[in-house]
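Enquirer: below: sequence and its predicted model.
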Amino acid sequence: SVKDKVAVVTGSNSGIGLGVAEELARQGARVVLNSYTDSEDDHALAARIAEDHGTECIYVSADLSNGDACRALIETAAQKMGRVDILVNNAGIQHVAGIDEFPAEKWDAIIAINMTSNFHTTAAALPLMRKAGWGRVVNIASAHGLTASPYKSAYVAAKHGVVGMTKVVALETAQEPITANAICPGYVMTPLVEKQIPETMEKYGMDRDTAVKEVLLARQPSKEFATVEQIGGTVAFLCSDAATQITGTTISVDGGWTAL
Ligand code: NAD
């Protein structure tokens, strides 16, 4: 169980990361929140989660486009919480454009934040997990870590990279009490996705239900969004005793997308 374990969740002041942090806190984990900002709201959010769930929760700012900052996040978490048992690599950004028009700086930022940050945080966290004799690495990849869509070259490349690196981490820790897995969500209802609904309704002249089912969820056979609570529950499952022999694999939470 995650009770009293220390979990670092990257990119967790919003969306899926926040949902994962909240679920781990609900189950008794001590949680480190992160994003690149360092506002009063960020620290207030950590205090609110600690209060709601009767656990410890702190906020540590780090811009994960920078490798040294990724490693410093793990070191600060270990200093402040005494250990790092669970690492959830969740921070991510998106940009949509044809490959011939894709801005090179967007490519670099997506590869750095969505993929290379996982290398740095994992490299810093594994020695701590080894010392503690238990560890879980959970990478939030995507259906786009297993399949592609047009106009998302950097994102699809980064997420495939995350799935590949997950397998390597699993092999390097195979005979230790550490596992590494990737969760591959389809469309999840987050503020980011919610914002696209009125835009899509307007663009296609559709009502909300039609815009959601026929445009946003065109490739999600269930025609339902996954929820951040469901992703949080999947992370918690991967941290449970039942998942001890689950390593180096992906769990899709995509309403059937990758079965198509
Ligand atoms: P979101 O924008 O709500 O959250 C992204 C988080 O990453 C935020 O907390 C943001 O502050 C943080 N972040 C961005 N750049 C950062 C940086 N440089 N340093 C540190 N933190 C940074 O988006 P989300 O939908 O919750 O996405 C979270 C993860 O889930 C991403 O990796 C995304 O690719 C993945 N994902 C999302 C969906 C979906 O439908 N929402 C589907 C599949 C995968």
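Expert: Structure received. Residues are numbered from 1 along each chain as shown.
Enquirer: and stretch 81-91, how far out from the chain's middle?
Expert: Distance, stretch centre to chain centre, for stretch 81-91: 11 Å (CA atoms, centre = their mean, to the nearest Å).
Enquirer: kindly report the same for stretch 209-222.
Expert: On the basis of CA atoms, centre = their mean, stretch 209-222 sits 23 Å off its chain's mean C-alpha point.
Enquirer: then it to PDB, C-alphas only?
Expert: Extracted in PDB, the C-alpha atoms of stretch 209-222 (Å, rounded to 0.1, in the frame of the first residue of the first chain):
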ATOM      1  CA  ASP A 209     -22.600  16.300 -26.900                       C
ATOM      2  CA  THR A 210     -21.900  16.000 -30.600                       C
ATOM      3  CA  ALA A 211     -18.700  17.900 -30.400                       C
ATOM      4  CA  VAL A 212     -17.400  15.700 -27.600                       C
ATOM      5  CA  LYS A 213     -18.500  12.400 -29.100                       C
ATOM      6  CA  GLU A 214     -17.700  13.000 -32.800                       C
ATOM      7  CA  VAL A 215     -14.700  15.300 -32.600                       C
ATOM      8  CA  LEU A 216     -12.800  15.000 -29.300                       C
ATOM      9  CA  LEU A 217     -13.700  11.400 -28.700                       C
ATOM     10  CA  ALA A 218     -13.600  10.300 -32.300                       C
ATOM     11  CA  ARG A 219     -11.000   7.700 -31.600                       C
ATOM     12  CA  GLN A 220     -12.200   6.700 -28.100                       C
ATOM     13  CA  PRO A 221     -14.700   3.900 -28.600                       C
ATOM     14  CA  SER A 222     -16.300   4.200 -25.200                       C
END
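Enquirer: hmm, who's touching that stretch?
Expert: 149, 186-187, 193, 196-197, 200-201, 204, 206, 223-225, 254-257, 259-260 (CB atoms under 8 Å, 6 or more residues apart in numbering). Heads up, the C-betas are built off the backbone N, CA and C, glycines and all.
Enquirer: what about the residue nearest the centre of the chain, distance to the ligand?
Expert: Centroid-nearest residue in the chain: Asn90, 2.1 Å away (criterion: CA atoms, centre = their mean). The gap separating Asn90 from the ligand is 5 Å, by CB to the nearest ligand atom, to the nearest Å.
Enquirer: mind listing what that residue touches?
Expert: Going by CB under 8 Å, 6+ apart, Asn90 touches 9-12, 16-17, 20, 140.
Enquirer: list just the nearest of these to Glu51.
Expert: Distance ranking of the contacts of Asn90 against Glu51, using CB to CB, places Ser12 first at 16.7 Å.
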